[in-house]
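Novice: Give me a model of this one.
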Amino acid sequence: MDEFQLIDRFFSRPTLFDNVKIGIGDDGAVLKTRSDQDLVVVTDTLVEGVHFFSDISPADLGHKTLAVNLSDLAAMGAEPDWALLNLVLPAADSKWLEELSIGFFSLADRYNVTLVGGDTSYGPLNLTVTAGGWVPQGQALCRSGARNGDLIYVSGTVGDAALGLQLLSGPDGRLSDGENRVIERLRRPEPRTLLGKALRPWATAAIDLSDGLAADLAHVVVASGGLGAVIKEDCLPLSAEALELRTRKQLIPIALGGGDDYELCFCVPPEYRGEIDRLGNELRLPLTMIGKIDSTPGIWLVGESGVREEYRSGGHRHYWAD
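Specialist: Reported below is the predicted structural model:
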């Protein structure tokens, strides 16, 4: 099949929302703007062998390709609206493409996201999504607003995706139900869209956890004027499944340095602690206070002994040869 047949067969859908004037099928999409809101645009690329293994199911890959972008929008407090999808494919396998599109559109439909265009090309497998969403004017959450004394929260649990990667990288064998649930966190992250929107009145800063809690939090404190963060190790939220597979001591460095959790890390003034507790109950999502923003630059850990030590390990980064 050629590229136009591929798009028409697997990715063209009727436009269901009046925000799209012209969608897939033309040289460009034509979208309505919203005069009272700001447009937030994000983009992410997933490359085989770097961001996912070759044996990932196409449905999981379709889900994750969109989910990592919706997670970025959530971190900005934005409501997702539309997406562009670029596919570089080594082959046009009909069954694989059908399952990929099912995984992609299942998540898109949950969040009323319209696929409005994109591109296809031949080459090593990689997928890029560019997504747009809306936030009331001046209310976008940024990394740069944290203040000394703010409380630091994370949603859900941390470290599951990195542990899942360890499990997949280990010897082949039958996996337990708990191991499969941890791996599911890696393959199908859940964007915290509702949380991001709800945090607009209270959060001073926010970021999604893609490269590891410590590394991503470091972006926040640097962007906020060279502040620091103090994290209490015993407050880090770890899943029951992870604690069945590793000790808490083993999981702490995984939770701090591992990536791909796609939870939200956010900062709020102490007076809003009650509102955050109520929000967690309302969303049925654990929101755990793990520490505070501090005036001393760096990421600092407080362990069982109560001693404060600087965290010097890094999270995930891409490197190129000079």
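Novice: three-state assignment of the spatially most central residue of the chain?
Specialist: Centroid-nearest residue in the chain, with C-alpha atoms, centre = their mean: residue 262, separated by 3.1 Å. Secondary structure, DSSP: H, G, I helix; E, B strand; the rest coil: residue 262 is coil.
Novice: count of residues packed around the closest residue to it other than its chain neighbours?
Specialist: Among residues not flanking residue 262 along the chain, residue 189 sits closest, at 3.8 Å (C-beta to C-beta, 6 or more residues apart in numbering). Where you see a C-beta, it was placed from the backbone N, CA and C, and this is true even at glycine. A count of neighbours around residue 189, defined by other C-beta atoms under 10 Å, yields 24.
Novice: How about the contacts made by residue 189?
Specialist: Residue 189 makes contacts with 64, 67-68, 71, 161, 260-262, as judged by C-beta atoms under 8 Å, 6 or more residues apart in numbering.
Novice: thinking again about what came up before, would you check that the residue nearest to the centre of the chain makes contact with residue 208?
Specialist: Yes - here residue 262 reaches residue 208: they are 5.7 Å apart, a contact under C-beta atoms under 8 Å.
Novice: list the residues that contact both of the two?
Specialist: With C-beta under 8 Å, 6+ apart, residue 262 and residue 208 have common neighbours 71, 192.
Novice: looking at this, residue 86 is in a helix?
Specialist: No - counting by three-state DSSP, residue 86 is not found in a helix; it is strand.
Novice: pLDDT wise, what is the closest residue to it other than its chain neighbours at?
Specialist: Leaving aside its chain neighbours, residue 86 sits nearest to residue 128 (4.2 Å; criterion: C-beta to C-beta, 6+ apart). As predicted, residue 128 sits at a pLDDT of 97.
Novice: Now do the SS call for residue 128.
Specialist: strand.
Novice: what's near enough to touch it?
Specialist: 43-46, 85-86.
Novice: between the contacts of residue 189, which is nearest residue 77?
Specialist: residue 71 (12.4 Å; C-beta to C-beta).
Novice: Helix or strand: which one has the closest one?
Specialist: For residue 71, the element it lies in under DSSP states H and E is helix 58-75.
Novice: Who are the packing partners of that helix?
Specialist: Applying 3 or more C-beta pairs under 8 Å, 6 or more residues apart in numbering; DSSP states H and E, one finds that helix 58-75 contacts strand 37-47, strand 79-89, helix 94-110, strand 126-136, helix 177-187, helix 193-198, strand 205-208, strand 264-268.
Novice: Which of those sits closest to residue 286?
Specialist: Set against residue 286 and scored by C-beta to C-beta, the helices and strands packed on helix 58-75 come closest in helix 193-198, at 10.8 Å.
Novice: in that closest one, what's buried?
Specialist: By neighbour count on 16 or more other C-beta atoms under 10 Å, the buried set for helix 193-198 is 193, 195-198.
Novice: ok, residues contacting it?
Specialist: Residues from elsewhere that reach helix 193-198 (C-beta under 8 Å, 6+ apart): 70, 73-80, 111, 141, 155, 206, 264, 279, 282-283, 285, 287.
Novice: Whichever of those end up buried, select them in PyMOL.
Specialist: Buried subset of the contacts of helix 193-198, written as a PyMOL selection, criterion 16+ other C-beta under 10 Å:
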select buried, resi 70+73+74+75+76+77+78+79+80+111+141+155+206+264+279+285+287
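Novice: now residue 214: how far from residue 131?
Specialist: 26 Å (C-beta to C-beta, to the nearest Å).
Novice: Looking at those two now, which is surrounded by more residues?
Specialist: residue 131 (26 against 22).
Novice: Bridge partners for the more buried one, pull those for me.
Specialist: When assigned by DSSP bridges, residue 131 has beta-bridge partners residue 42, residue 83.
Novice: Neighbours of residue 246, how many?
Specialist: Using other C-beta under 10 Å, residue 246 is surrounded by 16 other residues.
Novice: from what I can see it touches residue 253, true?
Specialist: No - assessed by C-beta under 8 Å, residue 246 is found out of contact with residue 253, at 10.4 Å.
Novice: which sections of the stretch 51-200 of the chain are below the confidence cut-off?
Specialist: 173 (pLDDT under 70).
Novice: Swap in 80 and give it another go.
Specialist: Scanning the stretch 51-200 of the chain for pLDDT under 80 picks out the ranges 170-174.
Novice: Would you confirm that residue 162 belongs to a helix?
Specialist: Yes - judged by three-state DSSP, residue 162 forms part of a helix.
Novice: Identify the residue nearest it in space, chain neighbours excluded?
Specialist: Residue 162's closest residue in space is residue 258 (C-beta to C-beta, 6+ apart), at 2.2 Å.
Novice: Name the surrounding residues that touch the particular helix or strand that has residue 301 in it.
Specialist: Here residue 301 sits within strand 298-302, counting by DSSP H and E. If you take C-beta under 8 Å, 6+ apart as the criterion, strand 298-302 is touched by 214, 217-218, 221, 228-233, 256, 291, 294, 308-311.
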